[in-house]
Structures are given as C-alpha cells and as structure tokens.
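**Student:** Fold the stuff below for me.
(2 chains)
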Protein chains: 2
Amino acid sequence: MSENLNLIIDTLTELLENKKYAEFMQEIDKLNPIDAADFLSLLPENKISLAFRLLKKDIAAEIFAELDSDLQEMIITRLSDKEIKDMLEELYIDDAVDMLEEMPANAVKRVMRNATPETREEINRFLSYPEKSAGSVMTSEYIDLHKSMTCEQAVARIRRIGLDKETVYVAYVTDEKRILQGVVALKQLLFAKPEDLIGDIMDTNVVYAHTHDDRETVANMISRYDMIALPIVDKEERLVGLVTVDDALDVLETEATEDIEKMAAMLPSEKPYLKTSVWEVWKQRVPWLILLMITATFTGAIITHYEAAIGTYAILTAFLPMLMNTGGNAGGQTSVTVIRGLSLDEIAMGDVLRVLWKELRVGVLCGVTLSAATFLKVMALDFRFQATTVLENGTVQNNLLIAAVICATVFGAIIFAKLVGTLLPIGAKRIGLDPAVMASPFITTIVDAVTLIIYFAVASTLLGI
Amino acid sequence: MSENLNLIIDTLTELLENKKYAEFMQEIDKLNPIDAADFLSLLPENKISLAFRLLKKDIAAEIFAELDSDLQEMIITRLSDKEIKDMLEELYIDDAVDMLEEMPANAVKRVMRNATPETREEINRFLSYPEKSAGSVMTSEYIDLHKSMTCEQAVARIRRIGLDKETVYVAYVTDEKRILQGVVALKQLLFAKPEDLIGDIMDTNVVYAHTHDDRETVANMISRYDMIALPIVDKEERLVGLVTVDDALDVLETEATEDIEKMAAMLPSEKPYLKTSVWEVWKQRVPWLILLMITATFTGAIITHYEAAIGTYAILTAFLPMLMNTGGNAGGQTSVTVIRGLSLDEIAMGDVLRVLWKELRVGVLCGVTLSAATFLKVMALDFRFQATTVLENGTVQNNLLIAAVICATVFGAIIFAKLVGTLLPIGAKRIGLDPAVMASPFITTIVDAVTLIIYFAVASTLLGI
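**Tutor:** The predicted model follows:
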C-alpha cells in the first residue's frame, strides 16, 4: 500500500517538474484526497496554486477541504472571484464553514461576496451555531424522502440528488414542515420490493440530536448505536442536517486529545504537534506551569511552618518526596478514571455517591497495601530492623514510631487523594467547568499540601514535637 | 429521544411482569440492540434467559453480542445444545470470538462442540490472531464480486448474499485465488449503468491492511481515509475479512482510554469503571503505586545525602515541593504530547530529532519565563525585596544568591524534563514497549531526582556549602 503511494507521489513530482500537466491531472486522481492534500502541502506555494488550477473542480474542492487552514488561505488569496465562486459551490457546507472560521476577516468577506445568496445564508446559519455543538460539525447535505413514495421512487430520487450528498446510505423521511418522521437505510431499499411504501418500511424509532447538543454527546451516540449518520433537528424539531460517522471519529479523537492535554496541564490545541509553532506550544504550556508553581509555594509555606519539627528529626525530610508522590499518584489515578468515565458517558452526574463509595473502598485497600509495604521498606532499609537509633546529639530516636508516622500518613494521603480525585472532576462538571482540568497536576498540589499537614500533625502527636 | 426510550422500557417491564410475551416480543423489537441489552442486564437472571427464549433468533443474537461477558456466560449455561447451535449460526464470527475469549474453558468446549465444522474452523482461525491485531477485530462476513460481472449481476449478488454481511455498502473484487483486486462501493453501483463491468468501475487503488497489523494502525487508516470498512488480507495477500468503521471507533476509544490509564499510572482495563469490582480496580492501581513509591525513595536518599546543606540553609527545603512539581509538570506535558502524537501517527519514529529540537526551544522559553516569575515571586514574597537577611544564629544570608540558585534550578529542571519527556516515550517505542507507561508519574520520579541534584549542586557552588 505505502509503496504504491510513494510511487504515485514520485510520478506526480516528476510530471509537475516536466510540466506534463494533462498526465499530472490523471495521476493525482488516483490518490485519496487526504494523500493528495499531504502531497500538495510539501510543494512551494506557486506550485500549489498552479496545481489547484489544473484540477477538476470537484476534485479540487475535495482536496481543498483536507488542507491546513494556512494553505487554504494562501490559495484563496491567489484565486480569482470566479474561481472562488466555483470552489464554494463544490465544497460541502461544513467544510466551507471550517475554512471560514480559521480565516482573517478580509478573506472571509471576499469569499462571502462571491457566494450565491442561498450558500451565504446557509454559511451564516452554520457560523451561528455554538462552538463544539452538533450544529458546528453537521452538514446540511442529506437526502430527504416522503412517506408516500414507493421504494422505486425513493431509489430514483437518491440516484437523482445523491451525488452531491454527504452520504447516500441513509435517507430521512420528513413531512411538509420538514419535521423528521423516520429513517430509511439504503440497505432496506435494496431488500424491499419496488412497490413497497417508504411509510411502511421506514424506521420510526429514530435516534437524533439537536443543533445545540454537545458534539461529544452526539459522537458518543453514533458510537453507541453503530450509526453511519445521525440526523440533527432544530428547536422546532425540523431536520436541518446530519453528522456522519467519520465526523464522529474526528470529534472523539479531538476530544480525547484535548482531555489528555488538559489532564497534563496544557491548554488544548486542535493542531497536530509537529504543525504547531514553538511559540504556540509555549503558550499552551506556560500558563499552567506558572499557576501550579504558585500553588506549590503553599506547600513550601507549610514546610516552613514546621521547620522546627524538621530540625529535631531531619530524617522526616527524606520521606517528603515519597509521601507527596504517592498521594499525587493515588489522586491522579482516581481523577483521570472519573474524567474519562464522564467523557464516555459511562459515569453520570447521579453516580457521585456510587463512585465515592467505590473509591473509598479502593482507597482503603490501596492504603493498607501501601502502608504495609512502606513499613517493611522503612524498617528494613532505613532502620535495618533496629527499633531505636542513637543520634549524633545523643537523643534516642524511636524508629518504630517514625515508621508508624510514615505509614499513617501514606494511608491518610491515599484516602484523601481518592476522595478529592472523585469530587473535584464531578464538582467541576456540576458548575459547568471542564472536568479534565481537575486532573493529576491540579490535584497533586492540593494533595501535597494536605499530605504535609497530615504528616506533621501525626508526627507531632506521636513523636511529641 | 430518551423519553421515548424510557417509555418503551416501562412498557416492556410491565408486559414481562404480566406475562404478555407476544406483545413483549413485538415491543422489544423497537429497541436498538444495545438498548435492549442494557434493559435485559437489569433483570433477574431467570427473567433474562426467559426473555432470550422468547426472542426471534436473529434479534436474540444481535442483543446477545451487546451483553457483558458474564451475562453471556450465564445465558450460554442455561441454553440447550440446540439453542447454542442456532445462536452460533446467527452471530457474526467476530462477536462469537469476543464471547469465547472471555469464557471459562468448559463453556468454550460446549460451545465449540455445538458449532458446525466450518464455523468451528473459522472461530479457531480467529482465535489464533494475536491480541490487538487487525485479525482480532475483523469480521469475515464480506461481499466478494468478480471483475467480469456486470453491475446488474453485482447488485443481484448483493441482494442474494448481503443480508448476513456486516456491511452491504462496500464489496471487494477478488480473483480465483481470493487475491484482492479492487473495491466497489454500493454508491458506485447505484450511479453506474446496469451493463457496466465491475472490472471497469472498481477502484484498484485499495487501502488495505494485514491480519497481523496493529488494530490501532488500522483504525487510524479508517479514520484518515473516512472509510466505511477496510479490507484485511493474509500473508499471501488473500482477502480474509474487513474491519468496519464502528469497530474502528471502538478500537480508538478503547486505545485512548488505555493510554490515559497508563499515563495516570494504572494497568489498563477494558471494562467500564462502574462495572469493575473494587478488587479489580485495586489490582489495576496498586502495582504502579508501589513501584513509584519505591523509586521515590531514591529522591529521599538524595535529600538525606545533602542533609548537612539543608541544616545550614533550612529555607532551601521550603522550595523543594515547588521545584519538584515544576519539573514533573514540565516533563509530563512533553511526554504526554509525544505519547499522544505517536498514538495518532502524527509523530513517527524518524521525527525524534525534530521533536527534540522543538522541545529544547520550548524548554528554553518555558525555563526563562518560569525563572523570571520565580525570581520576582521569591524576592517579593519570601524576601520582601531585602538583598540580605540576618539569621537567628547571626549568619548573613545572601537572598539574591538564594533566589539565583532557585531560578537556575527551575531552568535546568525544565530543560532536563522536556528532553527526558521526549526521549523516554520514543525510546520505549523503539524497544517495543508501550510509550504510554513513560508518562508523567514515571518521568516525575526521574525528574525529581535530577532536580534535587541540580538544586544541591548549584547551591553548593553558589552558596559555598
């Protein structure tokens, strides 16, 4: 497969260099639009716009839709008004809208001036849907049928209008007011008798969503029901578009990447890493680093506050990294599990008590295991099985008590971390924030502070300092 | 939509309680198989197997495929040999294989005894594909055509054999040896003339994969090319099955969840959180907690080693949490970006130098910003703009030098963290390990240790301790 692809690309490069444009056009037709877009992206700008002029209109539009937004902008500025007009009529509305959303205002104006009034109206409607809504990822190119049609008439209609549609494999049945009544898959038409009525074979139990629903919810529905496309209706329940399974795939991948970025203390980016500039990466990362640095100074303040205790038992300091890491890791595990569960609709807001109860039990199990492991490790490695140690200044240090302080802190830190790891993401979602920002780095800071307080509180009680 | 679903479920419960089985069967037919499976899962075991006996064979198989593995096992033990046989013939091979993979050996034996020889052979072939390979997620129910057929004959063949196939929307053209020659979408047949030859309209530039390819790579191909299904061939390039887009969706969701779990220091699980027992969750989480606890003790050992220095300048301890957190966060940002890029095939193994160079520059930018912020914060809040402080024991502490030590450590820690965050995941992939385990928690431990070494090294040089 990939050898084949490389072969075509070599041929294309050669044809373009030798100005054999007719053959170039034939050859590029063999490529998938996305591969063609990748190939063109590597050419110098003047070659790209030359190639674009050579392409057939429909193929040019398909490839154009796959290009990065900066290249789209470059091409648009080099096209004539007439060429922009042709391109717009060939593009699917959602691709045209995606392009316009990334363009500077003057380029948008020029494109809109060249659109037909109907296209302009439709583009404006799409631009008005909220970011990350179903409306913003849907396309309006669907096939509509009527209940009273026969299957033969329906197939004829699909043949007539289907070529420009996003998919021909599902058609929607609507009434005069465009209210959605049912869905018919092309598969059903294939196996039905020509004289069967659409009203009789259609599936009336339609899974659909509204334009203002969250795009991730819509993608999860498509995934759950293994759909090829999901119809989208407006507030008056009129059919206005559909979201296809390949759009759902893109949405789920983007949302997963965004969640992962937020969980790792970054601002999300929709661009692939290698296409993001160093400055943009810096802008994604530095705000959280600074915020977390500032919050970590509270942890430092707690240490300063207990400086006296540290002076007496300097060995307590040696366990600080282990205690803080363990708490942070335990909290991170829980918060990330909860965040992912919320994203996949596996955990609902009503499940908070179930999750808390489960995490409490998991916390007790993990706490007991870790405390036991810590006790063994501390007594064996740090104290070489000695119950007491005589320090340089002559004080007798009770090693068993110190090990007990450490184990109690491990246990307390884990329980606290599991509870905070549950409550923060769910709480964030309840007040309308994104749960993903409540992941490990954020929780680590809180857990660190509380771990220290537990540590020094237990130490002062047991060791009497 | 969901009100409608709840209504049907209420009706179903009532019908089952009042033993109105004929109406129950009619009503459950209105549900999507996955909704029906969710509904049945909530019933007591004897009701579930009763309901299963009432269902039509094909619907029973569809719902069965959506059930959790423990329920599948329960039902299988309650079915007669004849009923198992019927169920097997209705199930898609990949669903049957998924079921068998989760079942205890004696249940598997009973199922296999009741399979026809052909089904048994096919199941055995599927069971032999490596875990997480394309073969393990594909299905063998595809439609094959021949070059010499006319479109009319092709449509007739699809009508004849298509009902049992995973999809009727793509068909594959093969020769006598089953070697893949081309692909035809149903859409092409819809718009072709009845007398056109398949050999003339088929697309010979087929995107395909091998049975042993990674399932994530295959899912990424389906996503990239917006395919409904991707054909899978064996080592001899013979067509053996296909992976559909809805399977690709499941694969990508599962892989993203597994990556996220590994990144948060957990062993991955394929079960939804709320369906996982407390013990299973504990088993997922405790190994990493113990491992990271042990590695964190090295950090503790470093602190012990520099105890003398801490004694002189106790204030150095107060900055430990901030320095370690900042290093850990900076490393986590990079490693998670690299891991996700590798998963999505956005970063290739050959990109390692490009990524390193980019991260180095981002590291310098972040390092400079954070150092400057730290300097301001330390001088303003901790030292109240005093260049020196006289300590209780009379020593004069040079605050500017201490601030310089902290800033230099922040800078060094960030640069080191960014480089380790790049190299560890890519290195892990090169030696065949999963990059995702090289995420934040693991890197935090390494970065913590190195940050401390930098901190104390800079401190002893600048402060002369």
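**Student:** low pLDDT regions in the stretch 1-150 of chain A?
**Tutor:** Where the stretch 1-150 of chain A drops to pLDDT under 70, the residues are A:1-3.
**Student:** Quick check: phi and psi at the residue nearest to A:M74 when sequence neighbours are not counted.
**Tutor:** Spatial nearest neighbour of A:M74, chain neighbours left out: A:E45 (5.9 Å); criterion: C-beta to C-beta, 6 or more residues apart in numbering or on different chains. (Glycine included, C-beta is placed from N, CA and C.) Phi and psi for A:E45, reported as degrees, to the nearest 10, are phi -50, psi -40.
**Student:** try A:M138
**Tutor:** As for A:M138, its main-chain torsions (degrees, to the nearest 10) stand at phi -80, psi 170.
**Student:** contacting residues for it?
**Tutor:** Contact analysis of A:M138 by C-beta atoms under 8 Å, 6 or more residues apart in numbering or on different chains lists A:94, A:211, A:232, A:240-243, A:247.
**Student:** any idea how far chain B is from A:S371?
**Tutor:** 10 Å (C-beta to the nearest C-beta, to the nearest Å).
**Student:** what's the answer for A:A22, then?
**Tutor:** 20 Å.
**Student:** Just give me the neighbour total for that residue.
**Tutor:** 9 (other C-beta atoms under 10 Å in any protein chain shown).
**Student:** tell me the secondary structure for it?
**Tutor:** Three-state call for A:A22 (DSSP: H, G, I helix; E, B strand; the rest coil): helix.
**Student:** one step back: wait, which of the contacts of A:M138 is closest to A:L197?
**Tutor:** Checking those against A:L197 with C-beta to C-beta, the nearest one is A:L242 at 23.1 Å.
**Student:** pretty sure the residue nearest to A:M74 contacts A:E73?
**Tutor:** No: using C-beta atoms under 8 Å, A:E45 is not in contact with A:E73; the gap is 11.2 Å.
**Student:** Identify all residues paired with A:L180 through a beta bridge.
**Tutor:** A:L180 has the following beta-bridge partners by DSSP bridges: A:T174.
**Student:** was I right about it contacting A:Y208?
**Tutor:** Yes: using C-beta under 8 Å, A:L180 makes contact with A:Y208 at a distance of 6.2 Å.
**Student:** List the residues that are in contact with both of the two.
**Tutor:** By C-beta under 8 Å, 6+ apart, the residues touching both A:L180 and A:Y208 are A:231, A:233.
**Student:** now A:P268, nearest residue through space, not along the chain?
**Tutor:** A:E258 (3.8 Å).
**Student:** My guess is that neighbour contacts A:A436. True?
**Tutor:** Yes: using C-beta under 8 Å, A:E258 is in contact with A:A436, at 7.3 Å.
**Student:** These two: which is more packed in?
**Tutor:** For A:E258 versus A:A436, the count of surrounding residues by other C-beta under 10 Å is larger for A:A436: 24 against 20.
**Student:** residue contacts, that one?
**Tutor:** A:258-259, A:262-263, A:339, A:343, A:425.
**Student:** ok, for A:A171, nearest residue in space, not its chain neighbours?
**Tutor:** A:I143 (4.1 Å).
**Student:** rewinding a little: element containing the residue nearest to A:P268, please.
**Tutor:** Here A:E258, judged by DSSP states H and E, is contained in helix A:245-263.
**Student:** Specify the next element, helix or strand, located C-terminal of that helix.
**Tutor:** Immediately after helix A:245-263, counting by DSSP H and E, sits helix A:278-305.
**Student:** Compute the inter-axis angle for that following helix and helix A:245-263.
**Tutor:** Angle of helix A:278-305 versus helix A:245-263, following axes from the mean of the first three to the mean of the last three C-alpha atoms, to 10 degrees, is 40 degrees.
**Student:** Going by neighbour count, list what's buried in helix A:278-305.
**Tutor:** For helix A:278-305, burial by neighbour count (16 or more other C-beta atoms under 10 Å in any protein chain shown) applies to A:278, A:281-282, A:284-286, A:288-290, A:292-293, A:295-297, A:299-300, A:302-304.
**Student:** Just want to know which of A:E45 and A:E73 has more residues nearby.
**Tutor:** Between A:E45 and A:E73, counting by other C-beta under 10 Å, A:E73 is the more crowded of the two (16 against 11).
**Student:** and the longest helix for chain A?
**Tutor:** Assignment by DSSP state H gives helix A:399-430 as the longest helix of chain A.
**Student:** helices and strands around it, which ones?
**Tutor:** helix A:315-318, helix A:320-343, helix A:352-377, helix A:440-463 (3 or more C-beta pairs under 8 Å, 6 or more residues apart in numbering or on different chains; DSSP states H and E).
**Student:** out of these, nearest to B:Q153?
**Tutor:** helix A:320-343 (47.2 Å).
**Student:** now the helices for the stretch 101-250 of chain A?
**Tutor:** For the stretch 101-250 of chain A, the helices defined by DSSP state H, counting those that start in this stretch cover A:105-113, A:117-127, A:134-137, A:151-161, A:186-191, A:198-201, A:215-224, A:245-263.
**Student:** Of the ones you listed, flag the one that's most buried.
**Tutor:** Neighbour counts (mean count of other C-beta atoms under 10 Å in any protein chain shown) averaged over each of the helices of the stretch 101-250 of chain A peak at helix A:134-137, with a mean of 25.
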